[in-house]
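Enquirer: from the sequence below, what's the structure:
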Amino acid sequence: MLKLFAVLVLLSVASALQKPEQRHYGCIKGSDVCIYPTNTAEFQCETVFDFEVEWHEKAGNKSSIDDIKITFTVMETGEKYGVDQFFRMSKGKQRGWSLEVYDSVVDDEAEVYDVIAIKWSNVFVKEKFGKGEIKVTVVTPRGKTSIMWNVHKPTKRIAKNVILLVGDGMNINMVSAARLVSRGMADGKYKDLMHMQSLPYFGLINPAGVDSIITDSANSASTFNSGFKSSVNALGVFVDSNTDDDANLDHPKVELLAEHVRGMGMSVGVVSTAEIQDATPAACYAHTRRRGDKAEITRQGIEPCPGCRFSVIPDVLIGGGGRYFLPSSSWNGSNMYEAYEKAGYTVTYTKKQMAKAAKSKKTKKLLNISHYGNMNVWLDRNVYTDNLRVRENSPNPDKVKDARGQPNLDEMVDAAIKVLSKNENGFYLMVEAASIDKSAHPLDTHRLLADTIELDNVVGNLKKWIKENGDDTLLLITADHGHGWDVYGTVDTHVWKEVAETCELNADITNLSKNVKCGAQTFKNYFASDVQSPVRELALSRRIAVGTYAGAGYPDYEDKDGDGFPDEWDVRTVLAAGANNFPDHTENFRVSPTTKRPALFSSEVGAYLNNPEDDPDGIFISGNIGPRGSTAVHSMCDVGLYGYGPGADHIRPNMDNTAVFHIMAEALGIGTNGKPMEKDEMVPKEIEKCKNTAKECHCGKVTESCFKPIKPFKGFCEKVQRAKKACICTPGVTGYVAAGTPLCKKSKEKVYEKSGPMRSKGIPCAPAMVMMP
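Expert: Now for the predicted structure:
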């Protein structure tokens, strides 16, 4: 039996959001029916997805899937179609489960429903139905439910490459604070802009998900990579109401941008300072309801996920996450490093090994894992390097003794581009500065600012690379969500230290007339009836060091060597900054030589309480989040979207985060790549995998009548010429091939500038199309 109210758990904070009038957030309020993709979904033409309808009936009622009628209405023409006509697929897979719905977390009586669901896998909206709104109507014996979809008009390709940089958790306030710390200010004016702020296009995007005003990285990064809204903890799927862990891989899937560009012959790279299986990087290549399925996500890096029509198999994976490659934590107890080597990857563990491999002509695919878990943040990699001398952090103890060989983000990106740019068809590269978020959660101001600066330096390097390499790369920089973090003044740490050394605590809490003396300042004891009186008095005294308005002045950070980072972090005047949400903790505002851990769990109390070892001379701040919350949480604020290159002019002042995908997709000509799909290019859907023999190309068990001689279309010749064969196959990747194609004369045309090869998605074999490895 499944309980719906307690399944959404993120960062140790449980949420109970479902209510009887809306049993699940894929459902229209007041309806017994959920439809996936959900209401207001936007598609690129011919994007592959799973279409699912679930119907809730009170337990015990006898109902059948045959009682459901589904109709698609093309609003432009008014034409109506059934499922078999609209998707050319008549049979769906039926599933069922039991659903318990609670009114709230304190409700102990559930309404129980039997769920009937039917899913059509790997379908797509054909080009002839596109260019506008489509109404999806589901009729059951209990009533009618309708939702609207919108299909984008196919576009021609204008970008060879796309690079997406994600500053995880990076709100606008962090960029402003990083600019102050990095560039400095005089006379009320910044001395310079950050690199991302100097780009020509900027807007704000809304990061909310289907199920909540507050998103997580999995949900929002999946939106960047698919164009569809999803739910907390979900990667590459629409979340239906089945909460059984055994069903994590059964939720309706959606095709990812990386899966699509694979069919265009492009390369794919994923770079992150987190575990490479963490939410944001995994959103580029994995499908699962639970972002915590990291062993499974590691497997999906080189194998198609169950039920997926296409697979990514990135050419470059750089980050942390060695744990899930080792036999002790891998999905099947094997050594996944060896599995990746067998799949053609050059495997490295340090920045020197990585750089050498990236330069080598022999390197076709690159896997660099330099930490057992999340990589250390910039401050620890470059300033407090003693924090790296931990053997337990080694990504592979048989190869390296610790994690001191970790590269910086700019070095990781440089290596990725060296490998990816070998492909003349272009590449899609996603880069995550994960440690902005990893530092914002534990309220570690200086570490989050250092990683923001590190990301910005990468922006500057990439803009230079783009200009030097054809100016045909779209560069986008954004955040998957924000934090409730901001700067409100400065802190004089010398005054703070003086107070700590001279303040006389009130030991007699019964003496209401006693003054607390702290240097030249005294405070009457207003807290004498409180057992925490000395703590409060000391906090009140130390707050003398906090300057606001005219008392704030300017901080003391300087960057004399011009690398973007302050030369010294432990300066006298620092930022008074923090989040609007937090657990019990203490704060002294100074840079910490070790990563912060503000609260520890007390089994006696059953809650997270202040960690006395974290900022021991700080002021105590009482928490304002749930008692099981150990760190600050995400906020609902809009986040910035910065752009440069072909397609960036589509950025508008205020957008939804789904727009990030559509800007990238339309720059690449996703859909039909600017060329309409003809009816006679469709072939039988039974074809599964492409194989190549000496005389013919064939797919799976089907070897007859699938292929016919064709005339090469524009942009096709270069691919065939490079392959030196009439048959072009993609080993290990589900797809299709072209057979009987005459070899073309050498062509100088650039495929990415022309219409390029197309693919028929959902129906996976087309005689005039080619998928390259």
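
Enquirer: any low-confidence regions in the stretch 451-600 of the chain?
Expert: The stretch 451-600 of the chain contains residues with pLDDT under 70 at 500, 502-538.

Enquirer: how about the strands in it?
Expert: Counting by DSSP state E, counting those that start in this stretch, the segments of the stretch 451-600 of the chain that form strands are 473-478, 482-483, 485-492, 515-518, 521-524, 546-547, 573-579, 585-587, 599-602.

Enquirer: want to try TSV for those strands, with distance to residue 179 and mean neighbour count as columns?
Expert: Yep, even glycine has a C-beta here, placed from its N, CA and C like the rest. Below are the strands of the stretch 451-600 of the chain laid out as TSV (distance: least, C-beta to C-beta, whole Å; neighbours: other C-beta atoms under 10 Å):
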stretch	distance to residue 179	mean neighbour count
strand 473-478	14	26
strand 482-483	17	26
strand 485-492	11	20
strand 515-518	35	18
strand 521-524	34	14
strand 546-547	20	18
strand 573-579	12	21
strand 585-587	23	23
strand 599-602	30	16
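
Enquirer: can you put the ones you listed in TSV and add distance to residue 342?
Expert: Listed next are the strands of the stretch 451-600 of the chain as TSV, based on distance: least, C-beta to C-beta, whole Å:
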stretch	distance to residue 342
strand 473-478	32
strand 482-483	41
strand 485-492	44
strand 515-518	66
strand 521-524	69
strand 546-547	58
strand 573-579	45
strand 585-587	47
strand 599-602	42
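
Enquirer: what's the closest of those strands to residue 403?
Expert: Each of the strands of the stretch 451-600 of the chain has some distance to residue 403 by C-beta to C-beta; the shortest is strand 599-602, at 24.4 Å.

Enquirer: partners of the next helix or strand after the closest one in the sheet?
Expert: The helix or strand immediately downstream of strand 599-602 is strand 607-610, counting by DSSP states H and E. Strand 607-610 has its sheet partners listed here by DSSP bridges as strand 599-602 (antiparallel).

Enquirer: run through who's touching the partner strand.
Expert: Contacts made with strand 599-602 from outside it, assessed by C-beta atoms under 8 Å, 6 or more residues apart in numbering, are listed as 583-585, 607-611, 623, 630-631.

Enquirer: now do it: distance to the chain's middle.
Expert: Centre-to-centre, strand 599-602 and its host chain are 29 Å apart (C-alpha atoms, centre = their mean, to the nearest Å).

Enquirer: may I have that strand as CSV, with CA atoms only?
Expert: Output of strand 599-602 as CSV, limited to C-alpha atoms (Å, rounded to 0.1, in the frame of the first residue of the first chain):
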residue,chain,number,x,y,z
ALA,A,599,23.7,21.9,12.8
LEU,A,600,24.0,18.4,14.1
PHE,A,601,21.2,15.9,14.7
SER,A,602,20.3,15.2,18.3
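
Enquirer: how about the strands of the stretch 451-600 of the chain, which one is nearest residue 383?
Expert: Closest approach to residue 383 among these (C-beta to C-beta): strand 573-579, 15.1 Å.

Enquirer: helices or strands next to the closest one in the packing?
Expert: If contacts are counted by 3 or more C-beta pairs under 8 Å, 6 or more residues apart in numbering; DSSP states H and E, strand 573-579 sits against helix 172-183, helix 445-468, strand 485-492.

Enquirer: C-terminal to the first one, what's the next element?
Expert: Pointing back at helix 172-183 there. Next element after helix 172-183 (DSSP H and E): strand 185-186.

Enquirer: that following strand pairs with which strands?
Expert: Applying DSSP bridges to the sheet, strand 185-186 is found paired with strand 189-190 (antiparallel).

Enquirer: what's in contact with the following helix or strand past the strand it pairs with?
Expert: Proceeding N to C from strand 189-190, the next assigned helix or strand is strand 201-206, under DSSP H and E. Defining contact as C-beta under 8 Å, 6+ apart, one finds that strand 201-206 is touched by 478, 638-644, 648-649, 651-657, 659-660.

Enquirer: next step: these restricted to strands.
Expert: Among the contacts of strand 201-206, the residues falling in strands (DSSP state E) are 478, 639-644, 654-656.

Enquirer: out of these, what pair is the most spread apart?
Expert: 644 and 656 (21.0 Å).

Enquirer: show me which of the two is the more surrounded one.
Expert: When residue 644 and residue 656 are compared for neighbours, residue 644 comes out ahead with 24 against 17, by other C-beta atoms under 10 Å.

Enquirer: what sits against that one?
Expert: By C-beta under 8 Å, 6+ apart, the contact list for residue 644 reads 199-201, 463, 466, 474-475.

Enquirer: can you add distance to residue 552 and give the residues you listed back as TSV?
Expert: Output for the contacts of residue 644, formatted as TSV (distance: C-beta to C-beta, whole Å):
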residue	distance to residue 552
199	29
200	32
201	32
463	33
466	38
474	40
475	35
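
Enquirer: which stretch among the helices and strands packed on strand 573-579 is buried most, on average?
Expert: Greatest average neighbour count among those goes to helix 445-468 (a mean of 23), per mean count of other C-beta atoms under 10 Å.

Enquirer: surely residue 461 meets residue 416?
Expert: No - counting by C-beta atoms under 8 Å, residue 461 sits too far from residue 416 to count as a contact (12.0 Å).

Enquirer: between the contacts of strand 599-602, which is nearest residue 156?
Expert: residue 631 (46.0 Å).

Enquirer: for that closest one, give its distance to residue 416.
Expert: With distances taken as C-beta to C-beta, to the nearest Å, residue 631 is found 30 Å from residue 416.

Enquirer: next: residue 241.
Expert: Here residue 241 is placed at a distance of 39 Å from residue 416 (C-beta to C-beta).

Enquirer: of those two, which one has the most company?
Expert: Shown here are residue 241 and residue 416; by other C-beta under 10 Å, residue 416 has more neighbours (28 against 23).

Enquirer: pretty sure that one belongs to a helix, no?
Expert: Yes - the assignment for residue 416 by DSSP: H, G, I helix; E, B strand; the rest coil puts it in a helix.

Enquirer: ok, it touching residue 430?
Expert: No - the criterion here is C-beta under 8 Å, and residue 416 misses it with residue 430 at 9.7 Å.

Enquirer: overlap in contacts of those two?
Expert: With C-beta under 8 Å, 6+ apart as the test, residue 416 and residue 430 both reach 269, 271.

Enquirer: which residues of the stretch 301-450 of the chain fall in helices?
Expert: Secondary structure of the stretch 301-450 of the chain (DSSP state H, counting those that start in this stretch): helices at 336-342, 351-359, 378-382, 409-420, 435-440, 445-468.

Enquirer: which of those sits closest to residue 97?
Expert: helix 336-342 (31.8 Å).

Enquirer: for the closest one, give me every contacting residue.
Expert: Helix 336-342 is contacted by residues 298-299, 301-302, 324-326, 330, 347, 367, 369, 396 when judged by C-beta under 8 Å, 6+ apart.

Enquirer: how far away is the nearest residue to residue 305 once chain neighbours are set aside from residue 233?
Expert: If the residues on either side of it in the chain are set aside, residue 305 comes closest to residue 287, at 4.6 Å by C-beta to C-beta, 6 or more residues apart in numbering. From residue 287 across to residue 233, the span is 13 Å (C-beta to C-beta).

Enquirer: more crowded one of these two?
Expert: Applying other C-beta under 10 Å to residue 287 and residue 233 shows that residue 287 carries more neighbours, namely 32 against 24.

Enquirer: if I look at that one, how far off is residue 434?
Expert: For residue 287, the distance to residue 434 (C-beta to C-beta) stands at 21 Å.
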